[in-house]
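**Student:** pasting a predicted model and its sequence here:
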Amino acid sequence: MSYCLNVRCRKPQNPPDGKFCQSCGSPLLLGDRYRAIRPIAQGGFGRTFRAVDEYKPSRSACVIKQFLPPSSADASKAAELFRREATQLDELGKHPQIPELLAHFEPNGQQYLVQEFIDGRNLEEELQANGCFTEDRIRQLLLDLLPVLQFIHDRHVIHRDIKPENILCRTSTSSSTGNLVLVDFGASKVLTGTSLNRFGTTIGSAGYVAPEQLKGQVYPASDLYGLGVTCLHLLTQVEPFDLLDIAEGRWKWRDYLPVPLSPPFADLLDRLVCPELNQRYQSAAEVLQVLRSLPKISPTIAPPPAKPSFFNRVLAGIPQAIVGRIVREFGSPEAALNAYDRALAIDPNNAGVWYQKATLYLKLQQLEDAIYCFQKTLKLQPNKSEAWGQLGNLYLRTHRDREAMESYLKFLELQPDQPLAWLCLSAILKRLGDDREARRCLEKAKKLLLTSTAETQANILWQAWDILTR
């Protein structure tokens, strides 16, 4: 099959050897050479297609990336990033673990990249298919990828968007240099001096972005932070924002490990994701040196740790410590909100940033703004249970019982074993006049509480009282 690249074409599928689209008449060969076969991805800046090179007898596989300007004031910036990706790939693609740039076209003002095709799937897909990575596999991942980061950093390039989706695992293991490939250099930045301009563009994926990057500054250590968070996600299969205790301003990823890591390796990961730039590793070479000096892994078997409770993670509220942490990292809550807004201007569909913004509004007691941001979070990520719990709380506080009831019901669909949510739902149903359902929810809460320690029971009941009497 051939696939027409004209975005306005209503019937883009064509016979495999055609020269022109049967529907709209557009040429089917890009640069009279590359034929799109089928779409494989679509994002905020364009579409990606599986393609073949018609010039080669083998019709070797390749990838076409088509730039589609966003309908916003950021279109020129996005176009600049797309050209930058072409430039970076042209310079960096000779490395065997970076896709080679085959061509860059701009016909009629429309931009296209043609890249080497990597046969494999990304690490997020690997995680979904096979479950949590082992320590041994994460060590090998670092040994594979750190030399790639050192290669690009030595050429004064910062990737700025290290995450599982941007790391591909080759199906073939014939490569002698590493099985992992680093992709998507559209956000990369040439480093001048010691950092990006202080008010530079904030680009990256929420949860994987280093704190300094949210303020428009990037360093080699910023990529190391993203790589570290990637490791934590692969080890736990938990989203980065859920691994960070924002109340205390520290990571709690060890609580989610299926099997404990060797202490020296866990300490290495802690330093990779340290929020303070000057306490983080400063180069990939430094991390490699420490990694290679670690003792070999001793096999251990341990039961999975208990998942932190709903009381601890959602409805207990977030103490004022978060404001202090934000002031340390951003200078003020207003500066933090500005950083979130810059990130959302680049990617308005980033659920993680909406969630962080909602949490900050909650601590600033801007309840309607918090509600709006939690609603945006859930529109993009409807299974994020924590957001449903927070939204239920907020509706309770603003005397919207029916909305609170619906939010708690959504939360309990996802996490049915949380007694505090059942208690709150019971109280709401009682106020709405549904005594039978209120009693059923109360009994459910009672059964769950009986499985807890006396201290936990007291804490949950205290929190329920606090929520319901505000």
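**Tutor:** Yep, that arrived. Numbering: from 1, shown residues only.
**Student:** can you list the domain ranges for this protein.
**Tutor:** What automatic domain parsing lists as the domains of the chain is 2-116, 120-293, 310-468.
**Student:** and the shortest one, how far from the chain's centre?
**Tutor:** Here the centre of mass of C-alpha atoms in domain 2-116, compared against the chain's by C-alpha atoms, centre = their mean, to the nearest Å, lies 25 Å away.
**Student:** measure the nearest residue to residue 364 once chain neighbours are set aside to residue 11 for me?
**Tutor:** Setting aside the residues directly before and after it, residue 364 is nearest to residue 333 in space (C-beta to C-beta, 6 or more residues apart in numbering), at 6.0 Å. (Each C-beta comes from the backbone N, C-alpha and C, glycine too.) For residue 333, the distance to residue 11 (C-beta to C-beta, to the nearest Å) stands at 52 Å.
**Student:** of those two, give the one with the bigger neighbour count.
**Tutor:** Between residue 333 and residue 11, counted using other C-beta atoms under 10 Å, residue 333 has the larger neighbour count: 17 against 10.
**Student:** make sure residue 445 is indeed in a strand.
**Tutor:** No - the assignment for residue 445 by DSSP: H, G, I helix; E, B strand; the rest coil gives helix, which leaves it out of any strand.
**Student:** contact partners for it?
**Tutor:** Applying C-beta atoms under 8 Å, 6 or more residues apart in numbering to residue 445 gives the contacts 419, 420, 422, 423, 426.
**Student:** so which of those residues is the most crowded?
**Tutor:** Neighbour counts for those (other C-beta under 10 Å) peak at residue 423, which has 26 neighbours.
**Student:** these two touch, right, that one and residue 444?
**Tutor:** No - the criterion here is C-beta atoms under 8 Å, and residue 423 misses it with residue 444 at 9.2 Å.
**Student:** re the thing from before, return the member of the contacts of residue 445 nearest to residue 229.
**Tutor:** Of all the contacts of residue 445, residue 420 has the smallest distance to residue 229: 29.3 Å, by C-beta to C-beta.
**Student:** what's the single longest helix in the chain?
**Tutor:** In the chain, with assignment by DSSP state H, the single longest helix is helix 135-154.
**Student:** identify the residues contacting it?
**Tutor:** So helix 135-154 is in contact with 92, 95, 97-98, 123, 133, 158-159, 167, 177-180, 182, 188, 191, 220, 223-224, 227, 231, 234-235, 259, 261-262, 265, 283-285, 287-288, 291, 294, 297, going by C-beta under 8 Å, 6+ apart.
**Student:** out of these, list just those in strands.
**Tutor:** Using DSSP state E, the members of those that fall in strands are 158, 167, 180, 182.
**Student:** list the beta-bridge partners for the first one.
**Tutor:** For residue 158, the beta-bridge partners are residue 189 (DSSP bridges).
**Student:** burial measure for it, as a count.
**Tutor:** Here the number of neighbours of residue 158 (other C-beta under 10 Å) works out to 23.
**Student:** that one against residue 225, yeah?
**Tutor:** No - contact between residue 158 and residue 225 fails when scored by C-beta under 8 Å: they sit 11.2 Å apart.
**Student:** what about residue 42, how many neighbours?
**Tutor:** Counted with other C-beta under 10 Å, the neighbours of residue 42 add up to 12.
**Student:** for the stretch 301-450 of the chain, give me the ranges with low pLDDT.
**Tutor:** The stretch 301-450 of the chain contains residues with pLDDT under 70 at 301-332.
**Student:** so which residues of it form helices?
**Tutor:** Listed in chain order, the helices found in the stretch 301-450 of the chain under DSSP state H, counting those that start in this stretch are 310, 321-330, 333-346, 351-363, 367-380, 385-397, 401-414, 419-431, 435-449.
**Student:** dump those helices into a markdown table; add distance to residue 115 as well.
**Tutor:** Formatted as a markdown table, the helices of the stretch 301-450 of the chain follow (distance: least, C-beta to C-beta, whole Å):
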| stretch | distance to residue 115 |
| --- | --- |
| helix 310 | 45 |
| helix 321-330 | 36 |
| helix 333-346 | 22 |
| helix 351-363 | 28 |
| helix 367-380 | 28 |
| helix 385-397 | 36 |
| helix 401-414 | 39 |
| helix 419-431 | 48 |
| helix 435-449 | 52 |
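**Student:** quick one, helices of the stretch 101-250 of the chain?
**Tutor:** 123-130, 135-154, 211-214, 220-236, 240-243.
**Student:** packing partners of the fourth one?
**Tutor:** Other helices and strands packing on helix 220-236, by 3 or more C-beta pairs under 8 Å, 6 or more residues apart in numbering; DSSP states H and E, are helix 123-130, helix 135-154, strand 157-158, helix 211-214, helix 240-243, helix 263-272, helix 284-293.
**Student:** and the longest helix of the chain, what's buried?
**Tutor:** For helix 135-154, burial by neighbour count (16 or more other C-beta atoms under 10 Å) applies to 135, 138-139, 141-142, 144-153.
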